[in-house]
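In: Build me a model:
(2 chains)
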Amino acid sequence: MSRAARGPVGDVGRLLPALSSALRPRPHDELRAWGGPPLVLGKRVLDLGCGDGRLALGIAPLATRVDGIDPDAGAIAAAKANARKAGVRNVRFAAGAAQDLPYPDAAFDVVILSWTL
Amino acid sequence: MVDALAEIHRVLAPGGTLVDARPDSRVLAYADRRKPRGFQRFGVVKTNRLELANDRASDRAVARVVREGLFKSKRRGRFWHLVPFSSIAELRKYLSEHLRFVHRATWVVDSATRKRHSNDSFVIRRAVRYEILEARGSPRNISARAK
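Out: Numbering: from 1, shown residues only, chains lettered A, B, ... in the order given. As a prediction, this is how the structure comes out:
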């Protein structure tokens, strides 16, 4: 498992197990537990602490747009590669800290902290 | 963490949804042997002290932003996630490298039983908790109050 970058990020994402995402629940299993597809259907979604994009890419077919952000630049590079490989076009990934999100006010309908806080 | 939650509140549309999902360290995880039907409990797996403290800090942060009026808790629950292993040695290796769990299971079966079934399939059964929260109020005013 990788440790995410430290510094301004604080505790959020510190233990993000980006490389162990295969050992985490499948996105659709998580989504089903949270209430099912209506939670993200047609919504603007932010996956905060997205790691290698496991969840963001899983829910992208349901959402209007998904943004993934993570303090670990290596994980973001993996997420972008995974998105290209999957041919998913409504997902954007960026490196950044939870305390200073590079998005305007009210930009999202749903924010997901999956194994992040 | 409260700063991060306030920032999340800022980028959420009014009435938007925050999903907080993470491993539930308030309950034990289990090391179980797969049987043709069901599982046999072989051990329990505790969360390490540092992570227990971090989880409690996360709980307090969420409780605070609810108390401060940034979010309203709509629903919460728990589900169980199974992590599969092809042998007890593989399970042990996973635990030895894990960042959240203590590095050894506390076995509830004797060593002879463990040895006899060492090449069977195993799972770690861990609880995952989630909470669905709704963003409330005027982001700008409430964010300033929470910091």
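In: Could you check how far the residue nearest in space to the middle of chain A is from B:Asn119?
Out: Here the mean C-alpha position of chain A is nearest to the C-alpha of A:Cys50 (CA atoms, centre = their mean), at a distance of 2.6 Å. Here the criterion is CB to CB, to the nearest Å. By it, A:Cys50 lies 37 Å from B:Asn119. Where C-beta positions appear, they are placed from N, C-alpha and C, glycine not excepted.
In: So which helix or strand of chain A has the lowest pLDDT on average?
Out: Least confident helix or strand, chain A: helix A:27-34 with a mean of 90, by mean pLDDT, DSSP states H and E.
In: whoops, chain B was the one
Out: Every helix and strand of chain B was ranked by mean pLDDT, DSSP H and E. The lowest is helix B:139-146, at a mean of 47.
In: Kindly report the residues of chain B close to chain A.
Out: Where chain B comes near chain A, counting by CB under 8 Å from any CB of the partner chain, the residues are B:1, B:3-4, B:7-8, B:10-14, B:16-23, B:51, B:54, B:57-58, B:61-62, B:75, B:77, B:79, B:81, B:83, B:94, B:97-100, B:128, B:130, B:132, B:139-140.
In: For B:Asp12, what are phi and psi?
Out: Actually, residue B:12 is Leu. It isn't Asp. When quoted as degrees, to the nearest 10, the phi and psi of B:Leu12 stand at phi -90, psi 140.
In: I'd like to know the beta-bridge partner residues of the residue lying closest to it once chain neighbours are set aside.
Out: In this structure, B:Leu12 finds its nearest non-sequential neighbour in B:Ala135, 4.2 Å apart by CB to CB, 6 or more residues apart in numbering or on different chains. B:Ala135 has these beta-bridge partners by DSSP bridges: B:Phe71.
In: sec struct for the closest residue to chain B within chain A, please.
Out: Nearest to chain B, among the residues of chain A, is A:Ala98, at 3.8 Å (CB to the nearest CB). Following DSSP: H, G, I helix; E, B strand; the rest coil, the label given to A:Ala98 is coil.
In: So it sits against B:Ala6, correct?
Out: No. Using CB atoms under 8 Å as the test, A:Ala98 is too far from B:Ala6 to be in contact (10.2 Å).
In: more crowded one of these two?
Out: A:Ala98 (26 against 21; other CB atoms under 10 Å in any protein chain shown).
In: measure that one to A:Gly49 for me?
Out: Counting by CB to CB - A:Ala98 and A:Gly49 are separated by 7 Å.
In: all helices for chain A, in order.
Out: A:27-34, A:54-59, A:73-86 (DSSP state H).
In: what about the longest one and chain B, any contact?
Out: No. Contact check for helix A:73-86 against chain B, using CB under 8 Å from any CB: none in range, with a minimum separation of 14.9 Å.
In: Repeat that for the second one.
Out: No. With CB under 8 Å from any CB as the measure, helix A:54-59 is seen stopping short of chain B, the closest distance being 9.4 Å.
In: Residues contacting that helix, please?
Out: A:21, A:24, A:26-28, A:30-31, A:40, A:45, A:47, A:50, A:66-68, A:79, A:82-83, A:86, A:88, A:91, A:93, A:112, A:114 (CB atoms under 8 Å, 6 or more residues apart in numbering or on different chains).
In: could you dump it to CSV, C-alpha only?
Out: In CSV, the C-alpha atoms belonging to helix A:54-59 read as follows (Å, rounded to 0.1, in the frame of the first residue of the first chain):
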residue,chain,number,x,y,z
ARG,A,54,-11.5,2.8,-8.8
LEU,A,55,-14.7,4.4,-7.6
ALA,A,56,-14.8,7.4,-10.0
LEU,A,57,-14.5,5.2,-13.1
GLY,A,58,-17.1,2.8,-11.7
ILE,A,59,-19.8,5.4,-11.2
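In: quick one: A:Gly51 and A:Ala73 touch, right?
Out: No. Between A:Gly51 and A:Ala73 there is no contact under CB under 8 Å: 11.9 Å.
In: between these two, which one's more packed in?
Out: Shown here are A:Gly51 and A:Ala73; by other CB under 10 Å, A:Gly51 has more neighbours (29 against 13).
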